[in-house]
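>>> Test case, fold it:
(one chain, ligands or ions: 1)
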Amino acid sequence: MAAATLARRIGRSGVAVMKFKSPPVNSLSLEFLTEFSISLEKLENNRACRGVIITSALPKIFSSGLDITEMCGKSIEHYTEFWRAVQEMWLRLYGSNMVTVAAVNGSSPAGGCLIALSCDYRIMAENPKFSIGLNEAQLGIVAPFWFKDTFVNVVGHRIAERSLQLGSLHPAPEAHKLGLVDELVPEEKLMEKAAAVMAQWLALPDHARQLTKTMMRKAVLDRLVAHREEDIKNFISFVSKESIQKSLRMYMEMLKKKKS
Ligand SMILES: CC/C=C\CC/C=C/CC(=O)SCCNC(=O)CCNC(=O)[C@H](O)C(C)(C)COP(=O)(O)OP(=O)(O)OC[C@H]1O[C@@H](n2cnc3c(N)ncnc32)[C@H](O)[C@@H]1OP(=O)(O)O
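Numbers count the residues shown, from 1 in each chain. Just a heads-up that it's a prediction; the model follows:
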């Protein structure tokens, strides 16, 4: 597999850097999600690793979100496997005991935004051309409850409600103002800043920080664990509707037309 790549820099600092590299836009295919989850699991089980910085190896794009082609014209079995992989990735990342820092070096719509929101801290390149948000409504689809819960836990109910209903993609300065990202820095300083933030978080005893993180996130994680099969059924019934398939096809066509 060659989708998400992991530069193994778990030196004395105990910090790994994971760089997404799945051209052209780091879309989250089944293969990508599977590799990402396996990489996270390996790091989680590595006692030498206490933190991970997640970033992109591609210019201008952190991740374009779920791979829309995985949700178009496929079988029920495929939708089931795909959605389980999306859930798995989120459960691992949001529930990670490691310190997780997103160094958002490009645009990050929908599932890409979810990855950033699931980290402990988000630093974004201060380029107003880069945007981030849960734009599902713009595609005629609905962000699942656990995307919404993750968003609410970062920005609060009112901002999440407005942003979700409008399917807003916020340019970096606006995302910072809303609290969607914690800091903006010049792109060339992004990794340096991420390492500094990581060092600050790792200065605390792991057990206290981990128990606190669990306390803050457990209810939201438990909700998906308790409703996992129901959530898969919901996804299948939603994505199998002809009206939704039509919306997704039109959106893909719009992306292609935008180029020409
Ligand atoms: C009950 C619950 C039910 C449903 C919930 C489902 C939840 C879904 C969450 C999601 O994540 S949905 C995905 C949302 N993603 C987007 O809306 C992003 C769409 N992409 C873009 O806006 C742009 O591509 C970009 C800003 C990321 C990059 O722009 P640019 O650099 O100009 O590249 P292109 O637009 O030319 O794209 C290159 C190439 O990649 C294809 N592509 C882009 N995004 C996706 C994607 N998410 N999935 C699959 N393919 C994607 C695009 O069509 C181009 O393909 P070509 O064949 O024309 O080269």
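
>>> Pick out the residue closest to the middle of the protein.
Among the residues of the chain, the smallest C-alpha distance to the mean C-alpha position (C-alpha atoms, centre = their mean) belongs to residue 115, namely 1.3 Å.

>>> Just confirm it is within a helix.
Yes: Residue 115 forms part of a helix when assessed by DSSP: H, G, I helix; E, B strand; the rest coil.

>>> ok, now how distant is it from residue 75?
For residue 115, the distance to residue 75 under the criterion C-beta to C-beta, to the nearest Å works out to 26 Å. Placement of C-beta: from N, CA and C, glycine included.

>>> Write out the residues of the chain neighbouring the ligand.
Selection of the chain residues close to the ligand by C-beta under 6 Å from any ligand atom yields 24-25, 27, 60-61, 64-69, 107, 109-111, 135-136, 139, 141-142, 144, 234-235, 238-239, 252, 255-256, 259.

>>> Among those, name the ones in strands.
Counting by DSSP state E, the part of these found in strands is 60, 61, 107, 109.

>>> Spatially, what comes nearest to residue 40 if we skip its sequence neighbours?
For residue 40, ignoring the flanking residues on the chain, the nearest one in space by C-beta to C-beta, 6 or more residues apart in numbering is residue 92 at 4.5 Å.

>>> Run a quick neighbour tally on that neighbour.
Burial of residue 92 is recorded as 18 neighbouring residues (other C-beta atoms under 10 Å).

>>> which SS class is it?
Recorded secondary structure, residue 92: helix (three-state DSSP).

>>> doesn't residue 39 make contact with it?
No: the pair formed by residue 92 and residue 39 falls short of the contact definition of C-beta atoms under 8 Å, at 9.4 Å.

>>> still on that earlier bit, who touches the residue nearest to the centre of the chain in this structure?
Listed by C-beta atoms under 8 Å, 6 or more residues apart in numbering, the contact partners of residue 115 are 54, 62, 63, 89, 93, 102, 108.

>>> just residue 194 next, same as before
With C-beta under 8 Å, 6+ apart as the criterion, the residues that contact residue 194 are 53, 55, 101, 103, 123.

>>> Longest helix in the protein, by number of residues?
As assigned by DSSP state H, the longest helix anywhere in the chain is helix 206-226.

>>> So what touches that helix?
With C-beta under 8 Å, 6+ apart as the test, helix 206-226 has contacts from 50, 87, 90-91, 94-95, 97, 99, 120, 145-146, 149-150, 153, 201, 231.

>>> Report the buried members of the residues you listed.
In the contacts of helix 206-226, burial by neighbour count holds for 50, 87, 90-91, 94-95, 99, 120, 146, 149-150, 153, 201, 231, counting by 16 or more other C-beta atoms under 10 Å.

>>> Before I go, just wanted to say thanks for your time.
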